[in-house]
Each structure stands twice: as structure tokens, then as C-alpha cells.
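Undergrad: Below is the sequence, then the predicted model.
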Amino acid sequence: MKFLLQISIFLAWLGLMPLQAQPLQPAEIQIGIQHFQKQEYESCLRVFESFLTDPAWSGTAYAYTYVSRIQLKQFEDAEKLAQRLGRKFKGQVHYEVDRGYAMRLRGKVEEALKAYGDLLKDCKGDPNEIAVLAGAFRVRAEWEWAVQVYFQGRSLQSNPAAYALELADLAHQSGQRARMVEHYLEHLEDQPQQLETVQYALQQKLDADEMDEIRVAVLKRLRVKPDATPLNELLIWYLVQQKDFGAAFQQAKALDMRMNQQGQRVLALARIAIENEDWKATFPMLDFVVQQSRLPNLQNEARMEILRVKYRLIQAGYGGIKDSLESLAAQYQALLAVGLNARLRLQASAGYAELLAFDLNRMEESMDMLEQIIAQGGETQSLAEIKLLLGDLYVLSEIFWEAALVYGQVERDFSNQPLGHQAKYRNARLSFFQYEFSWAQAQLDVLKASTTTRMANDAMELALTIHDNYDLDTSALPMQGLAMLEQARYRRQLDRAIVLVDSLLDTLRQHPLGDDLWIRKAAVLEQMGRYPEADSAYGSLLAGYGDEVLADDALFRRGILWELRFTNKERAMELFSQLMFKFPDSAFLPECRRKIRRLRGDQNPEL
């Protein structure tokens, strides 16, 4: 199969024929290709040797004949064939490369190396000449000779970064990761606008546990060129991939200040940290923007993000947050009192309204505020976000038909867009709350197939819950009980949620819904700050449903609980290691590896 791949590349490169047979080819050619694909090389030879003198098909015939000879270990015949056509078509170096390759396979290594060396010596550095000769070597997997050709091209063209991408690809093919990374860095320094291309290539060609090659190579270059912007940007990107936002902040802050970006770079990084729920790194970033930026709009955006994060932390039950809900409401009022631009004012109003309705029992005030904003008009997308929040408040007030209307309007106005996807998800969740499980499932199935937004995970989770548990038995009561539980969680009625889940666990002993119930109970207990009980709930799930689909999720969450709440590194590492051993295909594996390295103390000393 290796040679089949090589012949396909070879033919495509020569431009002699497409990779797949076409109707314009003679029937004999198509038969010959079929023989080759079936590894019937003797039959393939009988077909193609008659076409070697046909001007229209000699190139194709040569390629198949040569490789068939090689596959049959007829190396001398392959050498003579390449030599004969090389004499006939002077200057076409791939024949000489093929002759040398056949000689090497015959054991005539010194003669082969001399032939290769002569080709290299005759190469004068013309870009097309370099591409053809290096390509000929690459087709025969003569990687080191292709490398020499590219380096000679660099020298003759007086360009130390020429052919960096080609050299990186060769290094990758030959398993030389460090050399590959170096070549990509050469290309990046020569072509800074290619940063995203380099990032994509590195991400595609390095496994998660090989990414440290980037850090080593970048830091080595930064010692010589500490102000090299593309290298610093690549280092920040690497640290974000590793989710080391604290170190990324230090690099981003220095680059932001050097380029006088007024905190824009740091704010963008803070938002990525927020998505990854790294609160410890988030607050210093946002404080930096508030304190250092001289752009009022940027400062206000950072203040807005601070309030959002504080709200999420209070809702999640994190300790050490001094701000009460009333205090947070006062901070929102203070922010709304300054000169915000229209977009920020809508966002701040939405955050304040959500706080009033869901947490401070000031529903009427919240609804009035949102309805006034919608009546005043404004930018379409921002208003649609306000409408979605208003729909949520209708659900909270059990005005379900109004909620469905609002969601439906946003879904129609933003069809096949993220906001439309969010509206569809909310409508599906509303159907779930109302025990319309089949309809909810149908909407979620459409959503899973059409969206790439972050809330797709929520849609997937709810869809799997319905799919795995609906119609398992003749009674709809278990799913209705689960829907009641989810409504209580949605309303943030945590005490009621605990009562409901305990009742369901008692009633539905050994029911397939058990793992769904235990993981929800643990989440609610964490939100209430009852961490030992949450740990016990995760333990019950693993004891009773250790082989079910949510078991790796429970292990991961339990590990985070011991890492962050109990601050017990050893126990956290033990749980993450259990997950990696028991669930080797889990989506949590990359994050487990990162967490174990960090908990173990594997730091980047240069940073």
C-alpha cells in the first residue's frame, strides 16, 4: 500500500493523469490500473509495457511499470527502465532518482549515492528545479536527500527561511518532531502573517503530550530575540492550549504593554479563561484592563466581565466571594450609571435583570426593564439576546405560551445562526419541562446536527438523557420526575431540588435513571456548598453505575472537587488517574493529563 500511495502522488505530481481512472483512458489502461490495485503486478506489467512507447501514455505506463518491477523485486529491470527513459527524456531528473533508488535496492549503495550526489551538484537553485528534484526524492521516500535539496536551494537563493514548510513536512514524515517545530518557527519569523497557519499545522501534527516541543523551541529563540512578536504570540497560544492561563497572562500582559494595545489582548485572553472556568487567572486579567487601559469602553467591558464572573461564582457556590447578591445588584446599578455605549448598556441591563428575577425575587421590576428595552429598539442581535432572557423569565413565571412565542420569534429571525440555535434549545428545554419528551427530542436532534455553538453540549446532554431513558418502561413518571427536578434547578430552588432527587432515588432504586439522578444531586450539593455530601453522591454513582456513560464524568467532577474544594492534591491525582486507566477513550483524558502534571508540580521553569 505504501507504493500505491507513492505512485498516486507521483502521477498527480507529473500531471500525467488524474488519481482516478477516467473514461477517456483506453480500456487496457483501466485494466492495468485494476491489476495494480489488486497487487497483480505481473498482469500489470503485461498491460503497461506495451504503452511505454506511446507518446500519450508513456509517462503513466512508466510509473506503473517501474513500481510493479520494484514490488516484484526486479530491481535491475527497474534500474534499466529508468536509465532508458532518462536518456530519452534528458533533463527529467525523476528518472535519475528512480535509477538511483533501484540501484540502492539492488545493493549498489555507493553508485546510488554518487548518482544522487551528481543530481544535487547539478542543481543550480532555480525554484522550479528545486521543487522538481526534491519532489522526486520525496516520492521515493528519500527524505534526507530531499532535505539536502531544499537546503541547497536556501543557500543558492540566499534565503535562510526558504522551503521551511516543505522541510517541516519532511521532518514530520520522518518522525523528527523537534526539527519540524524549528522549521515552522523559521517560517513564522519569516512570514509573521502566517501565525494561524503555523498554529493549525502544529495542532494537527503534534499529539497533546508532544506539544511541549513548541515551548522548548520558542523559549530557545526568545532568549536571542525577546521582542519577537510572532514568537511571543505563538507562546501565548501554546499556553492557552495547555490551559495555563496564569502563565499566558504574564506573556500577554508584556506583549499588550509593548504594543500599546490598552488591554485588548489581555481582555481577549480573559474571555478564553472564563470559557475554561479558570477563575484564579481571570480576575487578575480583568483587573489589569480596568487599571491600565486608557480606553473607557474597554475598561467598562472588563468591569462587565467581572460582574458576570462574580455572579457565576456565587451561583456555583464558590467560597471566598464577599459580594452578596444585593451587593452585586448595587455594582450593576453603579455600572449602568456611567456612560456606557449602547451594546454594553444592553448587556449590563440583561445581567442586572437576570439577577433581579432569578435571585432577588424582583420579577416584575426585571420584566418591566426588559420590556422597556425591547420597546425602545436598538441593535438587532443585542435585542434578540434581551428577548431570550425575557423568554426565560416567562418560563420562570410559568407563562409558557409567551416563552414559546418569544423563543420562536428569535429562532425565525436568526435561523441557522448561534442565537437561533440558542432559541431552539430553550424551546426544546421548555418542551421537556412540560413533559413533551418526544417533541423535545425531535428539536434537540435537529439542533445537534446543525450547530457548533457552545450550548451544543447542553443540547447533547439533554438529548441523551431523553433518548436513554424515555420509553424504558411503560410509566412516564420517572422522566416526569426528572423534568420536575430540572425545573427546580432552573428556578434555583436548590432545597426543593434535593427533596425531589432524594424522593426519585428512593422510588426508582436500580432504575437506569440512577446515574443521571446521582450526578444531578452531586451538582446541586456542590452549588449549595455541601461538599462532603457531594463527594458521597459521586461515590454512590460510581459504586452503583461504574460502567455507565456518566461514570467518567463523575470521576472527573469528583477529582475537581478534591482539587479545588478539599485542596487535596494526592486524592485529586488519584481520581484523575483512575479515570485515565478505566476510561482510556474518555473525552476528559487530555484535561486529566494536564491536571495531573500541574498537581504533580511539573512547571515550566523558564516561565
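TA: Perfect, thanks for sending it. Bear in mind that the values here come from a model prediction, so they are computed numbers and not experimental data.

Undergrad: list the buried ones in the longest helix along the chain?
TA: Assignment by DSSP state H gives helix 296-316 as the longest helix of the chain. Of all the residues in helix 296-316, those buried under the rule 16 or more other C-beta atoms under 10 Å are 298-311, 313-314. Yep, even glycine has a C-beta here, placed from its N, CA and C like the rest.

Undergrad: What is the nearest of those to residue 363?
TA: residue 311 (17.3 Å; C-beta to C-beta).

Undergrad: so what's that closest one up against?
TA: If you count contacts by C-beta atoms under 8 Å, 6 or more residues apart in numbering, residue 311 has them with 328, 351, 354-355.

Undergrad: Tell me which helix or strand the nearest residue to residue 343 once chain neighbours are set aside sits in.
TA: In this structure, residue 343 finds its nearest non-sequential neighbour in residue 382, 5.8 Å apart by C-beta to C-beta, 6 or more residues apart in numbering. In this assignment (DSSP states H and E), residue 382 forms part of helix 380-396.

Undergrad: Please save the CA atoms from the next helix or strand after that helix in CSV.
TA: Once the chain leaves helix 380-396, the next helix or strand it forms, by DSSP H and E, is helix 400-413. The C-alpha trace of helix 400-413 is given here as CSV (Å, rounded to 0.1, in the frame of the first residue of the first chain):
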residue,chain,number,x,y,z
PHE,A,400,-45.1,29.0,29.0
TRP,A,401,-47.0,30.1,25.9
GLU,A,402,-45.4,33.6,25.9
ALA,A,403,-42.0,32.0,26.4
ALA,A,404,-42.6,29.7,23.4
LEU,A,405,-43.6,32.7,21.3
VAL,A,406,-40.5,34.7,22.2
TYR,A,407,-38.2,31.8,21.6
GLY,A,408,-39.9,31.0,18.3
GLN,A,409,-39.5,34.6,17.1
VAL,A,410,-35.8,34.7,17.8
GLU,A,411,-35.4,31.3,16.2
ARG,A,412,-37.0,32.5,13.0
ASP,A,413,-35.1,35.8,12.9
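
Undergrad: and the helix or strand just after helix 400-413, how far from the chain's centre?
TA: Next in sequence after helix 400-413, counting helices and strands by DSSP H and E, comes helix 418-433. Relative to the chain's own centre, helix 418-433 is displaced by 25 Å; criterion: C-alpha atoms, centre = their mean, to the nearest Å.

Undergrad: Which elements pack onto the following helix or strand past helix 418-433?
TA: Downstream of helix 418-433, the next assigned helix or strand under DSSP H and E is helix 437-450. Based on contacts counted as 3 or more C-beta pairs under 8 Å, 6 or more residues apart in numbering; DSSP states H and E, the elements that helix 437-450 packs against are helix 418-433, helix 456-469.

Undergrad: what stretches of the stretch 1-150 of the chain score poorly on pLDDT?
TA: Counting by pLDDT under 70, the ranges of the stretch 1-150 of the chain that qualify are 1-24.

Undergrad: so what's residue 103 up against?
TA: Residue 103 is in contact with 75, 79, 109, 111-112, 115, counting by C-beta under 8 Å, 6+ apart.

Undergrad: Tell me where the stretch 201-350 of the chain has helices.
TA: 212-224, 229-241, 245-258, 264-275, 279-292, 296-316, 325-337, 342-359 (DSSP state H, counting those that start in this stretch).

Undergrad: on that earlier part again, what is the nearest of the contacts of residue 311 to residue 387?
TA: Using C-beta to C-beta, the contacts of residue 311 come closest to residue 387 at residue 354, 13.4 Å.

Undergrad: Touching, the closest one and residue 386? I think so.
TA: No. With contacts counted by C-beta atoms under 8 Å, residue 354 stays clear of residue 386, the gap being 10.7 Å.

Undergrad: With neighbour numbers in mind, choose between those two.
TA: Set residue 354 next to residue 386 and count neighbours by other C-beta atoms under 10 Å: residue 386 wins out with 22 against 19.

Undergrad: Tell me how far that one lies from residue 207.
TA: 44 Å (C-beta to C-beta, to the nearest Å).

Undergrad: So for the nearest residue in space to residue 316 that is not next to it in sequence, what's the pLDDT?
TA: Residue nearest to residue 316 in three dimensions, not counting chain neighbours: residue 527, with 6.0 Å by C-beta to C-beta, 6+ apart. You'll see residue 527 listed with a pLDDT of 89.

Undergrad: Would you enumerate the residues in contact with residue 527?
TA: 315-317, 494.

Undergrad: Output the lowest mean pLDDT helix or strand found in this structure.
TA: Here the helix or strand of the chain ranked lowest by mean pLDDT, DSSP states H and E is helix 2-14, holding a mean of 46.

Undergrad: so where's the stretch 301-450 of the chain uncertain?
TA: Flagging of the stretch 301-450 of the chain using pLDDT under 70 yields the residue ranges 318-323, 449-450.

Undergrad: And the stretch 501-607 of the chain, by the same measure?
TA: Ranges of the stretch 501-607 of the chain meeting pLDDT under 70: 603-607.

Undergrad: What is the burial count for residue 507?
TA: What residue 507 shows, counting by other C-beta under 10 Å, is a neighbour count of 11.

Undergrad: With residue 563 instead?
TA: If we define neighbours as other C-beta under 10 Å, then residue 563 has 19 of them.

Undergrad: That one: what's it in contact with?
TA: Taking C-beta under 8 Å, 6+ apart, one finds 569, 572, 595, 599 in contact with residue 563.

Undergrad: cool, and residue 58?
TA: By C-beta under 8 Å, 6+ apart, residue 58 lies in contact with 51-52, 85.

Undergrad: Torsion angles phi and psi at it?
TA: phi -60, psi -40 (degrees, to the nearest 10).

Undergrad: Relative to residue 526, how far out is the closest residue to residue 427 other than its chain neighbours?
TA: Leaving aside its chain neighbours, residue 427 sits nearest to residue 407 (4.5 Å; criterion: C-beta to C-beta, 6+ apart). Going from residue 407 to residue 526 by C-beta to C-beta gives 29 Å.

Undergrad: And those two? Which one has more around it.
TA: residue 407 (27 against 23).

Undergrad: thinking again about what came up before, please report the number of neighbouring residues for the residue nearest to residue 343.
TA: 18.

Undergrad: and it, how far is that from residue 374?
TA: For residue 382, the distance to residue 374 (C-beta to C-beta) stands at 10 Å.

Undergrad: Please apply the same query to residue 306.
TA: Using C-beta to C-beta, one gets 26 Å for the distance from residue 306 to residue 374.

Undergrad: Which helix or which strand is home to residue 31?
TA: Going by DSSP H and E, residue 31 is part of helix 27-37.

Undergrad: Can you pull out the residues in contact with the helix or strand following that helix?
TA: Using DSSP H and E, the next helix or strand after helix 27-37 towards the C-terminus is helix 41-48. With contacts defined as C-beta under 8 Å, 6+ apart, helix 41-48 is touched by 28-29, 31-32, 35-36, 60-61, 64-65, 68-69, 71-72.

Undergrad: what's the closest non-adjacent residue to residue 137?
TA: Per C-beta to C-beta, 6+ apart, closest to residue 137 is residue 146, 3.9 Å.

Undergrad: quick one, what contacts that neighbour?
TA: Residues in contact with residue 146 (C-beta under 8 Å, 6+ apart) are 134-135, 137-138, 166, 170.

Undergrad: re the thing from before, next, give me the two most distant ones among the contacts of residue 527.
TA: 316 and 494 (11.6 Å).
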